[in-house]
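>>> no letters, just coordinates:
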């Protein structure tokens with residue numbers, strides 16, 4: 001816990017908007033099909049059951065970290081992660097354990113209510129300058145963390161577990177290949193892990209291609225996905241709860257992969273052209289729902305999307321346009337979803353172009369499932 005004591009913040013701008021708008025103007029509605037706008041800049045992750053959203057205020061000097069209770073609307077300042085220019089929280093487990101790039105020098109950090117910050121020991125004796133490691137995701141039970149550790153200035157993926165009581169690293173296959181003539185090993189990062197801890201994924205350098213989608217099993221063995229376009233960069237961004245499906249971006253296109261299907265292109269939002277970067281950031285409902293962000297945010301407007309096998313990719317705004325969002329509010333991205341798909345977490349821009357967080361709650365039937 002940081003030097004700042006945890007406290008409940010009451011935000012006058014907070015409101016849960018249902019089909020009938022805010023229930024009575026005094027508190028959150030309990031009706032299904034509602035959206036909450038929260039005045040914190042950056043949504044990070046959801047617990048698997050969708051009850052707690054992990055948020056960070058990147059505009060604060062300390063990197064303030066918040067839990068937002070999606071049932072009650074309570075926003076609680078929990079800790080500080082460090083300089084937002086270098087540090088960021090990355091994921092939350094069902095138990096409330098948080099992973100992060102933490103402190104200075106940057107380390108793989110784990111935070112929990114009872115123990116505060118735990119920075120994992122360096123995996124390699126000679127890290128890269130002020131960078132030691134970063135933790136990128138955590139299993140649902142909070143015992144297994146994955147991420148990147150610096151071996152000199154080469155990135156190596158890691159898997160760390162304290163399931164037996166003592167934290168230990170597992171040996172992971174170093175996947176891919178370095179540039180011809182380079183004597184250092186290829187760069188790897190493990191970015192996501194399934195809720196059950198059985199599979200993990202991310203990217204590996206493959207020659208001149210800096211990122212190629214990569215998958216690792218719990219025993220440390222791994223493999224690269226077969227390229228869809230030669231020499232095009234790509235990486236895995238999300239993984240299903242049981243690890244049987246991953247999704248990511250490759251040559252700017254969104255894809256999903258299963259062992260049975262191999263790589264499948266997810267297409268684009270209606271009206272989007274080829275080459276529009278599309279980021280499938282969350283997989284839910286046993287793989288039947290994929291959520292994410294379309295657009296690069298610099299040269300085009302971003303849009304929050306959902307995908308189903310039957311409907312393809314659709315803008316989330318199609319489902320909430322009648323919910324009386326504040327005038328000028330745009331749903332610009334989705335970054336996490338509950339395991340069952342009933343809660344999603346993303347970003348909005350208001351009519352002054354200020355970024356805020358939204359939480360959308362609805363039964364999966366609204367997506368056509």
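Everything's here; your move. From a predicted model like this one, the values you see are computed outputs, not experimental measurements.
>>> for residue 306, what is the enclosing helix or strand?
Element membership for residue 306 (DSSP states H and E) is strand 303-308.
>>> note down every partner strand of that strand and its orientation.
Applying DSSP bridges, strand 303-308 is found paired with strand 289-294 (antiparallel), strand 312-315 (antiparallel).
>>> could these be laid out in TSV, adding mean pLDDT, distance to residue 251 and mean neighbour count?
Where C-beta positions appear, they are placed from N, C-alpha and C, glycine not excepted. Shown next, in TSV, are the strands paired with strand 303-308 (pLDDT from 0 to 100; distance: least, C-beta to C-beta, whole Å; neighbours: other C-beta atoms under 10 Å):
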stretch	mean pLDDT	distance to residue 251	mean neighbour count
strand 289-294	98	15	26
strand 312-315	97	16	18
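>>> could these go into JSON lines alongside distance to residue 305?
Listed next are these as JSON lines, based on distance: least, C-beta to C-beta, whole Å:
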{"stretch": "strand 289-294", "distance to residue 305": "5"}
{"stretch": "strand 312-315", "distance to residue 305": "5"}
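>>> so for residue 279, which of these sits nearest?
Nearest to residue 279, of all the strands paired with strand 303-308, is strand 289-294, at 4.6 Å by C-beta to C-beta.
>>> what are the contacting residues of that closest one?
Strand 289-294 is contacted by residues 237-238, 247, 254, 256, 266, 268-269, 272, 276-284, 302-308, 313, 316, 332-335, 337, 341, 344, 346, 364, 367, 369 when judged by C-beta atoms under 8 Å, 6 or more residues apart in numbering.
>>> so which of those residues are in strands?
237-238, 247, 254, 256, 278-284, 303-308, 313, 332-335, 337, 344, 346 (DSSP state E).
>>> from these, which would you call buried?
The neighbour-count test (16 or more other C-beta atoms under 10 Å) marks 237-238, 247, 254, 256, 278-284, 303-308, 313, 332-335, 337, 344, 346 as buried among the ones in strands among the contacts of strand 289-294.
>>> SS state for the residue lying farthest from the centre of the chain?
Residue farthest from the centre of the chain, counting by C-alpha atoms, centre = their mean, is residue 181 at 35.0 Å. Under DSSP: H, G, I helix; E, B strand; the rest coil, residue 181 falls in the coil class.
>>> give me the pLDDT for it.
With respect to pLDDT, residue 181 scores 74.
>>> now for the helix or strand hosting residue 148, which elements pack on it?
Assessed by DSSP H and E, residue 148 sits inside strand 144-151. Contacts defined by 3 or more C-beta pairs under 8 Å, 6 or more residues apart in numbering; DSSP states H and E place strand 144-151 against strand 107-112, strand 133-138, strand 154-161, strand 188-193.
>>> could you list the paired strands of that strand along with their orientation?
Applying DSSP bridges to the sheet, strand 144-151 is found paired with strand 133-138 (antiparallel), strand 154-161 (antiparallel).
>>> list the contacts of the first one.
Same thing as strand 133-138. For strand 133-138, the external contacting residues (C-beta under 8 Å, 6+ apart) are 90-93, 97-102, 106-110, 120, 122-123, 127, 144-150, 158, 160, 189-193, 200, 202.
>>> report the angle between it and strand 107-112.
Interaxial angle, strand 133-138 versus strand 107-112 (axes from the mean of the first three to the mean of the last three C-alpha atoms, to 10 degrees): 40 degrees.
>>> from the middle of its chain, how far away would strand 133-138 be?
Strand 133-138 sits 11 Å away from the centroid of its parent chain (C-alpha atoms, centre = their mean, to the nearest Å).
>>> quick check: mean pLDDT across that strand?
The predicted model assigns strand 133-138 a mean pLDDT of 98.
>>> try the last one
For strand 154-161, mean pLDDT is 97.
>>> quick one: buried residues of the helix or strand following that strand?
Per DSSP H and E, strand 154-161 leads on to strand 168-170 as the next helix or strand towards the C-terminus. The neighbour-count check on strand 168-170 (16+ other C-beta under 10 Å) flags nothing as buried.
>>> go on, stretch 72-82?
For stretch 72-82, a neighbour-count test (16+ other C-beta under 10 Å) marks 73, 75, 77, 78, 79, 80, 81, 82 as buried.
>>> number of residues surrounding residue 127?
Neighbourhood size, residue 127 [other C-beta atoms under 10 Å]: 19.
>>> spatially nearest residue to it, not counting backbone neighbours?
residue 150 (4.3 Å; C-beta to C-beta, 6 or more residues apart in numbering).
>>> check what pLDDT the one you found gets.
pLDDT, residue 150: 96.
>>> so it touches residue 130, yeah?
No - under the criterion of C-beta atoms under 8 Å, residue 150 makes no contact with residue 130, lying 9.9 Å away.
>>> more neighbours: these two, which one.
Shown here are residue 150 and residue 130; by other C-beta under 10 Å, residue 150 has more neighbours (23 against 10).
>>> show me what that one is bridged to.
Where residue 150 sits in a bridge, its partners, by DSSP bridges, are residue 155.
>>> show me the contacts for it.
124, 127, 128, 131, 132, 133, 156.
>>> one more pass at 7 Å, please.
124, 127, 128, 131, 132, 133 (C-beta atoms under 7 Å, 6 or more residues apart in numbering).
>>> again with residue 357
Contacts of residue 357 by C-beta under 7 Å, 6+ apart are 38, 40, 43, 55, 347.
>>> if you set the cut-off to 10 Å instead, what comes out?
With contacts defined as C-beta atoms under 10 Å, 6 or more residues apart in numbering, residue 357 is in contact with 36-44, 53, 55-56, 66, 68, 75, 335, 345-348.
>>> quick one: low-confidence parts of the stretch 251-369 of the chain?
By pLDDT under 70, the low-scoring segments of the stretch 251-369 of the chain are 321-324.
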